[in-house]
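Colleague: No sequence on hand, only this structure:
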């Protein structure tokens, strides 16, 4: 039941400049890269260099990865090529200039504008290096020589390369900070966890709406950063504020039995002579909600990326400070206490007040009762913050339901659907049909109708469009943007273990989709 | 020490025949493959026992990715520490069965600080071992007492009797999802839609008998109590007064029996999660009509009505009726299109 972001999504986010995403890639695949480097390289002391070099090349060439979902294989290929390059003996060519950026030897195709831009920045940085380091970089990174062939002994070359990398990083940090995903240079605000509470989300209530929010307070700035907890995480936090009988280092039988996983983690780290010293939140982007757990041990300081709720739980358990990037606070924080005031929007109040749940048959199929029985949801609402919760909206009038984007570049996708208990349909084939119209589409718009057979264990992590399309429980028909109404239908069998059936329309990207005269029938 | 592997961590009752799902605990089986033995452990899934559900994939295979202990392992790895093994020890010398309460796990660590052991609850220890791919070990003397010889590859079925009755799905008594209106009030479809709820042991039984239902004790001195009741969603009754009316008869010698009406409220409005109304019926009397009235609040989730029995005896129910008596109600939008 992993809640991991897919490789493809991480690649896409990293390409868009999401620094956290690339760090997640590195952490996810560093063990693989090390294992592969260890196996391919005859010299164990080269492993660190190979891994570092591989990820540097991956970072610079990310735009060339044609299929983001095949990241693992692509990275493995880079490691292989870096290893080959390191041990090559017949290409001792000193390049006098650099017509293209560093890239994997196996990559093909023309460099993108972004890569050329990165190459320019890197070239300028290398040009500013002391002569010895510049030579080492040239021979190693561009001519593919191993350190042993750059200078004697090899360690001297490695030292030179290490110093060069530090200088390159410093240069890029100053001149092109967008190429340097380093959290340590980020300005941060230290916040405290004020409380966790049940809260009514801003409406309309999305599907599987979050019910709990954890509030990070910036007392000096008089602002709060509310973080919504999705899915099972909402059940985890209220208890964390009450130290369990297992908190601390006590080891009585009762204390041991009462210990939470986070308390055990703390005790294991202490036994290893390490401490959690801080939890950093560098970014809170859609589908990339990660925290960085800072560890201190005699060997130094390390940072480990974790799911945001896991990082917060560790912070609560260990009592360490939480540091949030100023950019995140500036973008997402609200005036202190603002989230608790006011009444919920109408639809939210109605849905929650009625304790909405499915019926055993389709209802309100003419929209005579507005959107009663219909709900909006989708990946746009599956975020820890409210920043994109208004990217889509829905309405019904004149017997037509409309799902539309409210911004030019809405986040993720949305659906407007009805959910129904399928007890009277188990084993049957059902057809969802209606008349549809897709308006104001762009090249980025995808819209259509769907049937979803939902399992009782259908509790998933962040939902992405890719994951939705790949899910065999979804039956989807895409509708091209064209003037006028067109009829479409989608058919699916209702397996006996289906918990609920969902049917409705979806929209990803700008524009809107309209629905009228929907029907859900048994297929004769 | 004997090294074992975690062969099963099965949620029970797990997936229900009604399509639902319920976890009241886990049947964990540790396998000593070399010794052709296995150790079954029933774990209730309470916090100290370690919520093993986070280790389970969609097909109940053990999946470590995403489990909380995966982060623990990564944090330890970042400081060059690793879990070397998890030793299970009993806290009572004469234990003949492993239980979370009588067991501790000692998680072995090695790292720059040397070798350490950290004591944890059994569930957390097993989860840590699974994630870290570390061996699980038991003292030979304990194994000799608690392990069961096994033949063949099936390490689950032989131990299903370790699952307590309360965590089993009772054949033929599968609880179905409530509807929005009472059904089968004349028992023409047997006890379909009526649930037999037992507080403890299976010392009670229920059956349909013509237009009646009967709830009776199955042993001379039954433990706990029982209810034969039907649950419906409260949505269409909120704001109204409902009347539960039925004819009831208790057999001579029946100690505590009665008619019951309960209103259960939504979990997110837990100020008064359950409201109960009841009348007690004396044994040995003829059929008598009883009724009770209740206002269904806006936060009501379900309405449950039926008969109860505590102790020896028998109670009969016929012509049950649940109707609105209060103000006009919000009615759901009419069904269309099906």
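Modeller: That came through, no problem. Quick caveat: nothing in here was measured; it's all calculated off a predicted structure.
Colleague: What strands line up against whichever helix or strand residue B:261 is part of, and which way round?
Modeller: For residue B:261, the host element (DSSP states H and E) is strand B:256-265. Strand pairing for strand B:256-265, using DSSP bridges, gives strand B:274-281 (antiparallel), strand B:300-310 (antiparallel).
Colleague: mind giving me the domain split of the chain?
Modeller: Because you didn't say which chain, this covers chain A. Domains of chain A are assigned by automatic domain parsing as A:7-181, A:185-339, A:357-522.
Colleague: should've been chain B
Modeller: Per automatic domain parsing, the structural domains of chain B span B:2-166, B:176-324.
Colleague: which stretches of the stretch 151-300 of chain B have low pLDDT?
Modeller: B:170-175, B:200-201, B:266-273, B:285 (pLDDT under 70).
Colleague: Alongside chain A, which residues does it contribute?
Modeller: B:176-177, B:179-180, B:233, B:235, B:238, B:266, B:268, B:298-299 (C-beta under 8 Å from any C-beta of the partner chain). For the C-beta atoms, the positions are set from N, CA and C on the backbone; glycine is no exception.
Colleague: Which members of these are the farthest-apart pair?
Modeller: Within these, B:176 and B:298 form the most distant pair, 25.9 Å apart (C-beta to C-beta).
Colleague: Mind checking which of the two has more residues around it?
Modeller: Between residue B:176 and residue B:298, residue B:176 has the larger neighbour count (other C-beta atoms under 10 Å in any protein chain shown), namely 17 against 13.
Colleague: mind listing the helices for the stretch 351-500 of chain A?
Modeller: Counting by DSSP state H, counting those that start in this stretch, the segments of the stretch 351-500 of chain A that form helices are A:465-470.
Colleague: show me the contacts for residue B:257.
Modeller: B:215, B:248, B:250, B:280-281, B:283, B:307-310, B:313, B:315 (C-beta atoms under 8 Å, 6 or more residues apart in numbering or on different chains).
Colleague: Mind checking which of those residues are buried?
Modeller: Burial by neighbour count, 16 or more other C-beta atoms under 10 Å in any protein chain shown: within the contacts of residue B:257 this picks out B:215, B:248, B:250, B:281, B:283, B:307-310, B:313, B:315.
Colleague: Out of those residues, which two sit at the greatest distance?
Modeller: Largest pairwise distance in the buried ones among the contacts of residue B:257, by C-beta to C-beta, is 14.9 Å, between B:248 and B:310.
Colleague: wait, residue B:317 sits on residue B:245?
Modeller: No - counting by C-beta atoms under 8 Å, residue B:317 does not reach residue B:245; the two are 11.3 Å apart.
Colleague: Give me the more crowded residue out of the two.
Modeller: residue B:317 (25 against 18).
Colleague: Who does the more buried one form a beta bridge with?
Modeller: Residues in beta-bridge contact with residue B:317 (DSSP bridges): residue B:213, residue B:248.
Colleague: Restricted to strands, list the residues of the stretch 151-300 of chain B next to chain A.
Modeller: residue B:233 (DSSP state E).
Colleague: which among the residues of the stretch 151-300 of chain B next to chain A gets closest to residue A:299?
Modeller: Relative to residue A:299, and with distances defined as C-beta to C-beta, the nearest of these is residue B:268, at 46.5 Å.
Colleague: Residue B:161: neighbour count?
Modeller: 9.
Colleague: quick one: secondary structure of it?
Modeller: Using DSSP: H, G, I helix; E, B strand; the rest coil, the structure places residue B:161 in helix.
Colleague: any weak-confidence spans in the stretch 1-150 of chain B?
Modeller: Applying pLDDT under 70 to the stretch 1-150 of chain B picks out residues B:17-21, B:45-67.
Colleague: And the strands in it?
Modeller: Remark: strands assigned in the stretch 1-150 of chain B by DSSP state E, counting those that start in this stretch are B:2-15, B:21-32, B:37-43, B:82-90, B:103-111, B:114-120, B:136-138, B:148-149.
Colleague: Listing partners with orientation, what would you give for the fourth one?
Modeller: Each strand that strand B:82-90 pairs with, and the sense of that pairing, follows from DSSP bridges: strand B:103-111 (antiparallel), strand B:136-138 (parallel).
Colleague: ok, how many other residues are close to residue A:80?
Modeller: Neighbour count for residue A:80, taken as other C-beta under 10 Å: 18.
Colleague: To which secondary structure element is it assigned?
Modeller: Assigned by DSSP H and E, residue A:80 falls in helix A:71-87.
Colleague: so does that helix get close to chain B?
Modeller: No - using C-beta under 8 Å from any C-beta, we find that helix A:71-87 stays clear of chain B, coming within 14.0 Å at best.
Colleague: other SSEs contacting that helix?
Modeller: With contacts defined as 3 or more C-beta pairs under 8 Å, 6 or more residues apart in numbering or on different chains; DSSP states H and E, helix A:71-87 has these neighbours: helix A:7-15, helix A:19-40, helix A:47-60.
Colleague: Give me the average confidence score over the last one.
Modeller: Helix A:47-60 comes out with an average pLDDT of 77.
Colleague: For the residue lying closest to residue A:415 once chain neighbours are set aside, identify the helix or strand it belongs to.
Modeller: Computed as C-beta to C-beta, 6 or more residues apart in numbering or on different chains, the closest residue to residue A:415 that is not its neighbour in sequence is residue A:506, at 4.2 Å. Assessed by DSSP H and E, residue A:506 sits inside strand A:498-508.
Colleague: for the helix or strand following that strand, the distance to its chain's centre please.
Modeller: For strand A:498-508, the following helix or strand on the C-terminal side (DSSP H and E) is strand A:512-522. Relative to its parent chain, strand A:512-522 has a centroid offset of 32 Å by C-alpha atoms, centre = their mean, to the nearest Å.
Colleague: likewise stretch A:68-77?
Modeller: Distance, centroid of stretch A:68-77 to centroid of chain: 18 Å (C-alpha atoms, centre = their mean).
Colleague: ok, now stretch B:235-252?
Modeller: Distance, centroid of stretch B:235-252 to centroid of chain: 27 Å (C-alpha atoms, centre = their mean).
Colleague: quick one: buried residues of that stretch?
Modeller: So stretch B:235-252, judged by 16+ other C-beta under 10 Å, has buried residues B:235-238, B:240, B:242, B:244-251.
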